[in-house]
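J.: Sequence plus the predicted model coming up.
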Amino acid sequence: MSAFAIGLPLKVDKQPHKWSRNLCCTAATPNSNLRKPRPVTPPNVKGGGLPPFKLHVAPHLRDYLQAVQQYPSPLLRTRRHNTFVQPADIILRDISLNVDQTPTQLDAFLKAGPRRNVYHANGVRAAVVSCGGICPGINTVIKEITLCLFRYGASKVFGVRHGYRGFYNSHWQELTEESVVGLNKMGGSVLGSSRGGFDLERIVDAIETRRIDQVYVIGGDGTIMGCHKIFEEVVRRRLKTSVISIPKTIDNDIAVIDRSFGFETAVDEAQRAINAAYTEATSFPDCIALVKLMGRNSGFIACHAALASEEVDCCLIPEEEFVLHGSGGVLAYVEQKLNEKGHCVVVVAEGAGHIKDQGGDIGVHLMNETKKYFARKNREISLKYLDPTYQIRAIPTTTHDNILCILLAHAAVHGAYAGYTGFSSGLINSRNVFIPLEMLVGIQKKVDTMQSDWQRLRMSTGQPDWFFQEDDMSTDGAGV
Ligand SMILES: Nc1ncnc2c1ncn2[C@@H]1O[C@H](COP(=O)(O)OP(=O)(O)O)[C@@H](O)[C@H]1O
Ligand SMILES: O=P(O)(O)OC[C@H]1O[C@](O)(COP(=O)(O)O)[C@@H](O)[C@@H]1O
Ligand SMILES: [Mg+2]
């Protein structure tokens, strides 16, 4: 489906530091046939023109259904005209530039929001499903999709139970304006969720036989891969059905977007565990408190929670190699902290050291190795181990996260009504946009240990760069 994401040939001003005011690039706009790009001139800004950009346009029903009809938005009855998004409104992804370098194409996305014209008539039948692990905010997303759909005049909103398998395995639950009241106060997913059970043919059969016009899929990286397959099959069958993803992951590991909903809540909740760990650590002599947090492949929760708490001495994540033993290892560093201040707080993401991949548990391993290390030295320590992993994802959202859920849900519905499909709503530079699904498929976002978040954390905790100190691994045993 790469034809949908359009690379834009651009006229680039050859003069360094001066982008042409009249710089023009070709881009498919929402009203054009995507196979026939037409020129779009970025709006002028004071002091110069916008730099060249590459607009990632979401697929549209018109791309494969020639006869698809356009209607005035039902929202025109209740909204002022100037509150609608214009077809050429875009959001840039790259806002940090080095002006000494030749400008390159900047990634841009269609701004999310309601359009004046829609491609679904009154009486839409929609389905909503949530898949994968639970996460704070799923219920708010379900509630707001439902409410927004009814504002547009939808006739039926179905909740598919327990993830993808629910498309063909169980009865669908009807969602109404009344039934979603108060959902935002509840953790988990009112529809249930699941891993596994993805049967593409049966899922799209169910969508087709139940005459579903819009499918909303709430889920993480695995779910998005499934969602993209559903979209492709829907296109293959030439169904007039918009397929939309609302990215969900507590680990914040979805590419392109600023952050996923629920992440901030999880980081907040993790603070409570770290605070408890700190209180324990400072209440006993020579006390080490160890907190294990979620993050199998990406350590964002551990990194942000440790940074925010300012009470953590050491944070271990999957993205950074480390050694436990030896003079440059984690255990020697913990000992140094005990010597300096009598306590040490360690936060570890569950994927750190990659022993989870072999079925191990890094938290338990670290606890055991720490005990053995100090026993060998005949040093009495206290060790407190906290594992709040499930606790941090089973709660409702905090304020900002709840607003994010509302934005993402509404953006998804606006995009679907505007005829877009095969896209995800998402936040880029704090603005809601439509992201073609294919940009999210198969990529997992990781903490970049060369970038500011991690470097800031190291500056704050004072923990060393383990990688450059591993020459002493041999002194008292094996590494991780
Ligand atoms: N490559 C894939 N193709 C189709 N469906 C997938 C794929 N990977 C995962 N899924 C489905 O997505 C759902 C959720 O996936 P999972 O990886 O458990 O959670 P998450 O979406 O949160 O990453 C499951 O039903 C799973 O079968
Ligand atoms: O025990 P479960 O339900 O499989 O969930 C644990 C896993 O879910 C995660 O939180 C991520 O799941 P999601 O991507 O579905 O949000 C991982 O950090 C963790 O390994
Ligand atoms: Mg996943």
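T.: On my side now, so go ahead. Ligands and ions are numbered 1, 2, ... in the order given.

J.: Residue 145 contacts residue 413, doesn't it?
T.: Yes. Counting by CB atoms under 8 Å, residue 145 touches residue 413, with 5.9 Å between them. Placement of C-beta: from N, CA and C, glycine included.

J.: Overlap of the contact sets of these two?
T.: Counting by CB atoms under 8 Å, 6 or more residues apart in numbering, the shared contacts of residue 145 and residue 413 are residue 216.

J.: wait, what's in contact with the closest residue to ligand 3 within the chain?
T.: With CB to the ion, the shortest gap between the chain and ligand 3 falls at residue 220, namely 4.0 Å. Contacts for residue 220 (CB under 8 Å, 6+ apart) come out as 131, 132, 133, 247, 248, 249, 251, 253, 254, 260.

J.: Pull up the per-residue confidence for it.
T.: pLDDT recorded at residue 220 is 96.

J.: Surely residue 339 is in a helix?
T.: Yes. Assessed with DSSP: H, G, I helix; E, B strand; the rest coil, residue 339 lies in a helix.

J.: Next one: it from residue 381, what distance?
T.: 12 Å (CB to CB, to the nearest Å).

J.: So between these two, which is more surrounded?
T.: residue 381 (20 against 10; other CB atoms under 10 Å).

J.: Report the contact partners of the more buried one.
T.: 286, 287, 288, 338, 370, 371, 374.

J.: let's see 7 Å
T.: 286, 287, 288, 374 (CB atoms under 7 Å, 6 or more residues apart in numbering).

J.: which one of these sits closest to residue 67?
T.: The nearest member of the contacts of residue 381 to residue 67, counting by CB to CB, is residue 288 at 68.2 Å.

J.: so that closest one touches residue 383, yeah?
T.: Yes. Counting by CB atoms under 7 Å, residue 288 touches residue 383, with 5.1 Å between them.

J.: Quickly list what's touching both of those two.
T.: Contacts common to residue 288 and residue 383, judged by CB under 7 Å, 6+ apart, are residue 370.

J.: The two: which has the busier surroundings?
T.: residue 288 (29 against 20).

J.: that's a strand at the more buried one, yeah?
T.: Yes. When three-state DSSP is applied, residue 288 is found to be in a strand.

J.: now the host helix or strand of residue 274, how far from the centre of its chain.
T.: Taking DSSP states H and E as the criterion, residue 274 maps to helix 263-281. Counting by CA atoms, centre = their mean, to the nearest Å, helix 263-281 is centred 21 Å from the centre of its parent chain.

J.: Please apply the same query to stretch 250-266.
T.: Using CA atoms, centre = their mean, the offset of stretch 250-266 from its chain centre is 4 Å.

J.: And ligand 3, is it touching that?
T.: No. Stretch 250-266 stays clear of ligand 3 (CB under 5 Å from the ion), getting no nearer than 7.2 Å.

J.: Going forward, the N-terminal residue is numbered 10.
T.: Understood, numbering begins at 10; the last thing we discussed is stretch 259-275.

J.: is any part of that stretch close to ligand 1?
T.: No. Stretch 259-275 stays clear of ligand 1 (CB under 6 Å from any ligand atom), getting no nearer than 8.5 Å.

J.: That stretch: which residues count as buried?
T.: For stretch 259-275, the buried set under the neighbour-count rule, 16 or more other CB atoms under 10 Å, comprises 259-266, 268-275.

J.: give me the low-pLDDT residue ranges for the stretch 10-159 of the chain?
T.: The stretch 10-159 of the chain contains residues with pLDDT under 70 at 10-60, 112.

J.: How about the residues of it by ligand 3?
T.: Going by CB under 5 Å from the ion, none of the residues of the stretch 10-159 of the chain are near ligand 3.

J.: let's see 8 Å
T.: In this structure, the stretch 10-159 of the chain approaches ligand 3 at residues 141, 142, judged by CB under 8 Å from the ion.

J.: What segments of the stretch 10-159 of the chain are helices?
T.: 147-161 (DSSP state H, counting those that start in this stretch).

J.: Could you list the contact residues of it toward ligand 1?
T.: Counting by CB under 6 Å from any ligand atom, the stretch 10-159 of the chain sits next to ligand 1 at 140, 141, 142.

J.: would you list those residues in JSON lines and tack on neighbour count?
T.: Output for these, formatted as JSON lines (neighbours: other CB atoms under 10 Å):
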{"residue": "140", "neighbour count": "29"}
{"residue": "141", "neighbour count": "23"}
{"residue": "142", "neighbour count": "20"}
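
J.: So which of these reach ligand 2?
T.: Within these, those near ligand 2 by CB under 6 Å from any ligand atom are 141, 142.

J.: now the residues of the stretch 10-159 of the chain next to ligand 1 as JSON lines including distance to residue 469?
T.: Below are those laid out as JSON lines (distance: CB to CB, whole Å):
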{"residue": "140", "distance to residue 469": "36"}
{"residue": "141", "distance to residue 469": "32"}
{"residue": "142", "distance to residue 469": "29"}
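
J.: Looking at the residues of the stretch 10-159 of the chain next to ligand 1, spot the one nearest ligand 1.
T.: Of all those, residue 141 has the smallest distance to ligand 1: 2.2 Å, by CB to the nearest ligand atom.

J.: burial measure for residue 293, as a count.
T.: Residue 293: 15 surrounding residues under other CB under 10 Å.

J.: meant to ask about residue 367
T.: 6.

J.: Could you measure from it over to residue 173?
T.: Residue 367 is 28 Å from residue 173, by CB to CB.

J.: Tell me, what's the model's pLDDT at the closest residue to residue 307 other than its chain neighbours?
T.: Distance criterion CB to CB, 6 or more residues apart in numbering; nearest residue to residue 307, sequence neighbours excluded, is residue 262 at 3.9 Å. Looking at residue 262, its pLDDT is 95.

J.: So residue 262 sits against residue 453, correct?
T.: Yes. The criterion here is CB under 7 Å, and residue 262 meets it with residue 453 at 4.9 Å.

J.: any common contacting residues for the two?
T.: By CB under 7 Å, 6+ apart, the residues touching both residue 262 and residue 453 are 230, 306, 307.

J.: Mind putting these into a markdown table with distance to residue 134?
T.: Below are these laid out as a markdown table (distance: CB to CB, whole Å):
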| residue | distance to residue 134 |
| --- | --- |
| 230 | 28 |
| 306 | 37 |
| 307 | 36 |
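
J.: where do the strands sit along the stretch 60-209 of the chain?
T.: Taking DSSP state E, counting those that start in this stretch as the test, the strands found in the stretch 60-209 of the chain are 62-65, 80-81, 99-101, 115-120, 126-127, 134-139, 165-169, 182-184.

J.: mind giving me TSV with those and columns for mean neighbour count and distance to residue 219?
T.: Output for the strands of the stretch 60-209 of the chain, formatted as TSV (neighbours: other CB atoms under 10 Å; distance: least, CB to CB, whole Å):
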stretch	mean neighbour count	distance to residue 219
strand 62-65	24	31
strand 80-81	12	23
strand 99-101	20	34
strand 115-120	21	29
strand 126-127	20	21
strand 134-139	27	7
strand 165-169	24	7
strand 182-184	17	12
